[in-house]
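Novice: Structure here, sequence nowhere to be found:
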């Protein structure tokens, strides 16, 4: 993928308009998407206009909001009309929700009556709910018709729907009664009734179901489309698998950001203004800084101790870092386990035992490493002193491993998101107590 | 979802065998999956045997390796045969690759001739390649037949294939010549030729294409199935979207682990032995510890300085932590941007400028926070001293932000995976230089 991107880059660096048009006529959609960031705004328009409608639709859907905005502003009335006539209503809604008011108005004007109806309908729902992902373009039939009638009906309506692989069976009140796959229809006898071949146990979600749960359900059942019902279990629309993959990706980015101690919203880095980047990052830094300054007080208390044993100060960063790292490791394992549902609070004690052992073993190993390192290499402290440092490090690692593992479990149990406890916050919490352990153990060993 | 899990837990705590059978007959597949970890081994078998084949197949596919192993061991010959006759060959291969030799043998014996042929074929390929994800059960037709003939052919063969939504057109050498969607077939005239309606530009991958790239391609094109070709562009099989979703999830866990400074393999925590957990975690801890001990030497060099200005030692952990945090933030943004392809090396200088500004602003803000905190709250150091600490912190933050942003870009450019640079390693690298900056700036300000 990477090398491919670079080839296209070089190719496009100083491309003439004619070459660009040639490129547009041949390029695959992913080539177009890749090349987008490289082109000048006027080139982008030229390229876009050269694309067939199918690739136009793909491109618009995959562009970041501000790029959609720019492009739509430049489009002529009829180009826009042509474009939106081909777009799925759920994608149109995404565009409408992301662009500026004036562009939104022109988008609206270029919609035909049918799309306006559908769009209005979809705009009633929350973006992050199941209903926010769905399209109203599904095939619904009544259960009392025959397979032959159904197939005829589908062959007529097939062009206006997003997926025909599931056909939904509804009663006269539009309540979901069952489901038939196109496969079942095609293999069934022409004269048999839908009610005889339909599956009446249908996996579905409510309009307000959270989008991350929607993703989970579709994964568990390996579905390519999922019906969305209102509170009277009437069929509102269907969610197709391609929209769910986007949800999973977004989820992923949010978690990574939280682990990096940043707010979770996932706007593109390059499109975020300097102030936006600062606002995204500074709050956590200040919180962590203030929490971290507690270490100042800990060190202050032990000033007399490390005035009599100055070498202790040399290892303060090593102690805090290693404590933070071992804590981060176990919290990462827990948070991931909780996210995938593999680990639950009821495992508390078995986890306690496992991490106790793991922490003990790792602590002892690391103790030896630091002992040898600090005795035989500069600053080359005495054996006794090295033993003191090593032993206290072992205890710090044991403590950090336990806190790192158990804190997320408790936080999750209390109903909060444990992700923020991975990494930085964990490390800061551990520093304060870790240093205390370090100094106390050393004092005992050095009998000061 | 969570609450639902807990309901099922309570319900299953002390369930009688009859109740369990009742549960099995009614429960949805995701209920079954959720309940699995709660049940005793004998209960698991009872539950499993009560399920209809469809849910049996789902369950087996979603169970972790050791659970598959346990279950398959207990299954009788005919139960196993029934189960595998319903499983897709690519899923059978996954099972075979994960279970122990003896179970593998019994699985093999319970396969019918056809499945053995398919399984042998698939076992030739690497798990992590495109070919490792594919199923050989696709519909392929010749281009010179009519739509009517095609539909008849599909209605006959439809039951043995995994997806019929794309029909692949191949020439006499089995080379992929084009593609027709079932939708196109059903809307076309019975007498028209496949060659007239087929799309000859087909998105496909090679057998050795990496599975993460496969996922990306299917996302870009919103495909529900993707053909896999050998080097003579002959059709080997197809990859269906459900298998790709699993790939994306796995990818996700690997990245999170790497950010937590652990090896990426993604076995379940609860199934990993103590030694496995240690092996997974200790290597990074030792590397980071040894790298971190460089701070000892830095501090050693400055011993004379902080003997004359003891308060400097009090802020060592704060300096290293804050430096680490700001570095982690910018590296996280870069790594994510590189992963999604949004950021590329050619953006180097614009990123340099942005992070320079962001680092400067954040540095100044944080400087004021620490200045006020350390002057007005215990240990309450003097204004001069507080200014020294604040100013040097500002420089450390600026430096860390830049390194955090640029290091991943360079590493990625050199062709390595930048993920490991997020979090711990970044923090350790920053500590060493950060402390030097801290002491030098303070020395200048305090004119020592």
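Specialist: Yep, that arrived. All values derive from a computational prediction rather than experimental measurement.
Novice: any idea how far the residue lying closest to residue A:190 once chain neighbours are set aside lies from chain B?
Specialist: Spatial nearest neighbour of residue A:190, chain neighbours left out: residue A:148 (4.0 Å); criterion: Cβ to Cβ, 6 or more residues apart in numbering or on different chains. Using the backbone N, CA and C atoms, a C-beta is placed for each residue, glycine as well. Going from residue A:148 to chain B by Cβ to the nearest Cβ, to the nearest Å gives 13 Å.
Novice: Need the residues that contact the strand or helix carrying residue A:148.
Specialist: For residue A:148, the host element (DSSP states H and E) is helix A:147-157. Helix A:147-157 has contacts (Cβ atoms under 8 Å, 6 or more residues apart in numbering or on different chains) with A:139, A:141, A:145, A:164, A:167, A:180, A:182, A:185-186, A:188-194, A:197, B:186-187.
Novice: Just the buried ones from the residues you listed?
Specialist: Buried by 16 or more other Cβ atoms under 10 Å in any protein chain shown: A:139, A:141, A:164, A:167, A:180, A:182, A:185-186, A:188, A:193-194, A:197, B:186-187, out of these.
Novice: where's the dip in pLDDT among those?
Specialist: Across the set of the buried ones among the contacts of helix A:147-157, residue A:164 stands lowest in pLDDT, at 68.
Novice: Not counting its neighbours along the chain, what's nearest the residue in the stretch 301-448 of chain A that chain B sits nearest to?
Specialist: Nearest to chain B in the stretch 301-448 of chain A, going by Cβ to the nearest Cβ, is residue A:332, at a distance of 2.9 Å. Once flanking residues are discounted, residue A:332 sits nearest to residue B:260: 2.9 Å by Cβ to Cβ, 6+ apart.
Novice: doesn't residue A:328 make contact with that neighbour?
Specialist: Yes. Counting by Cβ atoms under 8 Å, residue B:260 touches residue A:328, with 5.4 Å between them.
Novice: Which parts of the stretch 51-200 of chain A are helices?
Specialist: A:53-62, A:65-74, A:77-86, A:89-98, A:101-109, A:113-123, A:130-133, A:147-157, A:182-187, A:194-197 (DSSP state H, counting those that start in this stretch).
Novice: Please see if the last one touches chain B.
Specialist: No. No part of helix A:194-197 sits close enough to chain B to count as contact by Cβ under 8 Å from any Cβ of the partner chain; the gap is at least 13.7 Å.
Novice: where does chain A dip in pLDDT?
Specialist: Applying pLDDT under 70 to chain A flags residues A:1-10, A:13, A:158-164, A:261, A:263-267, A:420-424.
Novice: Give me the residue at the spatial middle of it.
Specialist: Against the mean C-alpha coordinate of chain A, by Cα atoms, centre = their mean, the closest residue is residue A:251 at 1.8 Å.
Novice: Comparing the helices of the stretch 51-200 of chain A, which comes out most buried?
Specialist: helix A:130-133 (a mean of 26; mean count of other Cβ atoms under 10 Å in any protein chain shown).
Novice: Count the residues that sit near residue A:88.
Specialist: Close neighbours of residue A:88, defined as other Cβ atoms under 10 Å in any protein chain shown, add up to 20.
Novice: So residue A:380: helix, strand or coil?
Specialist: Secondary structure assignment for residue A:380 (DSSP: H, G, I helix; E, B strand; the rest coil): coil.
Novice: If you tally nearby residues, what's the number for it?
Specialist: 12.
Novice: Spatially nearest residue to it (excluding sequence neighbours)?
Specialist: residue A:374 (7.5 Å).
Novice: Check residue A:111 too.
Specialist: residue A:84 (5.5 Å).
Novice: ok so, going back, run the chain-centre distance for the helix holding residue A:148.
Specialist: Mean-position distance between helix A:147-157 and its chain equals 40 Å (Cα atoms, centre = their mean, to the nearest Å).
Novice: Could you do stretch A:302-319 as well?
Specialist: 43 Å.
Novice: Could you work out the end-to-end span of that stretch for me?
Specialist: Using Cα to Cα, to the nearest Å, the end-to-end distance of stretch A:302-319 comes to 15 Å.
Novice: That stretch and chain B, are they touching?
Specialist: Yes. Judged by Cβ under 8 Å from any Cβ, stretch A:302-319 and chain B are in contact via A:303, A:306, A:307, A:310, A:313, A:314, A:315, A:316, A:317, A:318.
Novice: What's the separation between the residue of the stretch 1-150 of chain A found nearest chain B and residue B:431?
Specialist: At 4.2 Å from chain B, residue A:30 is the closest residue in the stretch 1-150 of chain A, using Cβ to the nearest Cβ. Residue A:30 sits 41 Å away from residue B:431, going by Cβ to Cβ, to the nearest Å.
Novice: Residue A:36 now?
Specialist: As judged by Cβ to Cβ, residue A:36 and residue B:431 stand 40 Å apart.
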